[in-house]
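[1] fold the stuff below for me.
(2 chains)
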Amino acid sequence: MSREVPRITEQTLKALGALVGSASEELSGAEIAKKTKQQSGTLYPILIRLEEAQWLESRWEDGDPRELGRPRRRLYKVTALGKRAFKDALAEISQVLGEVAWANLS
Amino acid sequence: MGKPLMTILTAAAVGVLVEEAKAMLPWLSDRVLRTAVRLLPDDRKERYLEEWASHLADVPGPISKLAFTLCLPPGALRIRFYFWRGSKCIKPTASPHAGLYRLALFMLLGLAIQVRLRKVVEWFGFTRPRSKILGIDYEALAAFILVAIICLCRTQPQSSSD
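    Residues are numbered from 1 along each chain as shown, chains lettered A, B, ... in the order given. Have a look, this model is predicted:
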């Protein structure tokens, strides 16, 4: 179910960037938190917003919690829509930065 | 004689208290995590109980674990607010006049705030003549314009079909 397009904040970009730039396709919340250095109270609302907007998708890791000896991790993966949104946001930021740099040079 | 004894007793008491606190930290982390889960919408509780418990298991050290769980309740409230706001704003966008209703609502809110502020100012004994431009109270007009701008600048939900 997609809702509104998520606001592109620094934290949103960090969370998306962690998933886009990760060697493994799927990351758990703990791994994203470690990569982005974000607190749980900030990260999970972002992940929910991105998932609701279909920029991310998630699934439970394979295996039974009793066999694993711990609760199952939820694994997040960036979708094609999320990758495109991330690239668009980066392009927009670099354009703005380029304009600022040109303005300062001239 | 008294001072060394007191030092030893204090050190022992502190040691016992530290051990007790250490033993209580995992229990406390679990309680905070469950409290955070209780703040979530009903259909999300089960998922996040497991997801956050698995995240908690990956955090090293009892103090870091507690710090992790202490950040969860504000996050849970944000998640709850997000879904509450979503459930509220999906319905109006289904109507073609949703923007108009929202504008009217914000204008009424602006008017109410403006009237209340004037009452508060008058209550403190400050009275001033009401300035008008072409017969229109400019303060009310400014409040209307402000709320209209806020209303129009609000992010509109993109899709309401799904």
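[2] what helices or strands is the helix or strand where residue A:45 lies leaning on?
    When elements are assigned from DSSP states H and E, residue A:45 belongs to helix A:40-52. If contacts are counted by 3 or more Cβ pairs under 8 Å, 6 or more residues apart in numbering or on different chains; DSSP states H and E, helix A:40-52 sits against helix A:10-20, helix A:29-36, strand A:56-60, helix B:42-58, helix B:72-94. For glycine as for every other residue, the C-beta is placed from the backbone atoms N, C-alpha and C.
[3] out of the ones you listed, flag the one nearest residue B:109.
    Among the helices and strands packed on helix A:40-52, helix B:72-94 comes nearest to residue B:109, with 15.1 Å by Cβ to Cβ.
[4] mind checking if the following helix or strand past the closest one is in reach of chain A?
    For helix B:72-94, the succeeding helix or strand toward the C-terminus, using DSSP H and E, is helix B:98-123. No: using Cβ under 8 Å from any Cβ of the partner chain, we find that helix B:98-123 stays clear of chain A, coming within 13.5 Å at best.
[5] from residue A:78, how far out is whatever residue of chain A ends up closest to chain B?
    The nearest approach of chain A to chain B comes at residue A:41, 3.4 Å away (Cβ to the nearest Cβ). With distances taken as Cβ to Cβ, to the nearest Å, residue A:41 is found 22 Å from residue A:78.
[6] which non-adjacent residue is nearest residue A:28?
    Here the nearest residue to residue A:28 in space, its sequence neighbours aside, is residue A:73; by Cβ to Cβ, 6 or more residues apart in numbering or on different chains that works out to 4.0 Å.
[7] mind pulling up the pLDDT for the one you found?
    Here the pLDDT value assigned to residue A:73 is 93.
[8] list the buried residues for stretch A:30-40?
    Residues of stretch A:30-40 classed as buried by neighbour count (16 or more other Cβ atoms under 10 Å in any protein chain shown): A:30, A:31, A:32, A:33, A:35, A:36, A:38, A:39, A:40.
[9] relative to residue A:98, which of the helices and strands packed on helix A:40-52 is closest?
    Closest to residue A:98 of the helices and strands packed on helix A:40-52, according to Cβ to Cβ: helix A:10-20, at 17.5 Å.
[10] next one: the closest one to chain centre, how far?
    If you compare the mean C-alpha spot of helix A:10-20 with that of the full chain, they lie 4 Å apart, counting by Cα atoms, centre = their mean, to the nearest Å.
[11] got the contact list for that helix?
    Residues external to helix A:10-20 that are found in contact with it (Cβ atoms under 8 Å, 6 or more residues apart in numbering or on different chains): A:6, A:27, A:31-32, A:35-36, A:38, A:42-43, A:46-47, A:49-50, A:55-56, A:76-78, A:82-83, A:85-86, A:89-90.
[12] so that helix versus helix A:29-36, what angle?
    Orientation of helix A:10-20 against helix A:29-36 (axes from the mean of the first three to the mean of the last three Cα atoms, to 10 degrees) gives an angle of 110 degrees.
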